[in-house]
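>>> Provided below are the primary sequence and the corresponding predicted coordinates.
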Amino acid sequence: MSKKPLSHYLESQLGPENKERNRTLNVPESLHSFFKKASSNYDIGISTLIYNVLTDWKNEYENDIIDDMLIKFRKNGL
């Protein structure tokens with residue numbers, strides 16, 4: 001299985017309009033090690049695994065985060 005660069009994967013997932021949004025993510029060594037072991041175990045790229053974990057997390061919690069932000073906004077009268 002040939003590995004393609006992360007930019008290729010993100011382009012295929014997000015489309016060309018979001019290319020400029022690719023960023024580096026700094027994580028503690030222990031977390032990086034966990035993702036590295038998991039990606040090796042499942043034979044997928046570490047960037048693909050991290051992208052999918054973050055996407056799933058965003059999909060699950062995005063509405064809760066927005067609700068919390070609105071509560072703080074209203075509470076502070078901003």
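That came in fine, so what should we check first? Residues are numbered from 1 along each chain as shown.

>>> Just give me the residue closest to the centre of this structure.
Nearest residue to the geometric centre of the chain (CA atoms, centre = their mean): residue 54, 3.2 Å.

>>> Helix or strand for it, just tell me which one.
helix 46-76 (DSSP states H and E).

>>> residues of that helix that come out buried?
Within helix 46-76, the residues scored as buried using 16 or more other CB atoms under 10 Å are 47, 48, 49, 50, 51. For every residue, glycine as well, the C-beta is placed using N, CA and C.

>>> Contact partners for the fourth one?
It refers to residue 50. Going by CB atoms under 8 Å, 6 or more residues apart in numbering, residue 50 touches 25, 35.

>>> Next one: it from residue 38, what distance?
In this structure, residue 50 and residue 38 are separated by 10 Å, where distance is defined by CB to CB, to the nearest Å.

>>> Could you tell me the average pLDDT over the helix holding residue 54, please?
Averaged over helix 46-76, pLDDT sits at 90.

>>> do stretch 29-36 as well
On average, the pLDDT along stretch 29-36 is 93.

>>> Tell me how far the residue lying farthest from the centre of the chain lies from residue 68.
Seen from the C-alpha centroid of the chain, the residue lying at the greatest distance (CA atoms, centre = their mean) is residue 77, 31.6 Å away. Distance, residue 77 to residue 68, using CB to CB: 16 Å.

>>> Perfect, that will be all.
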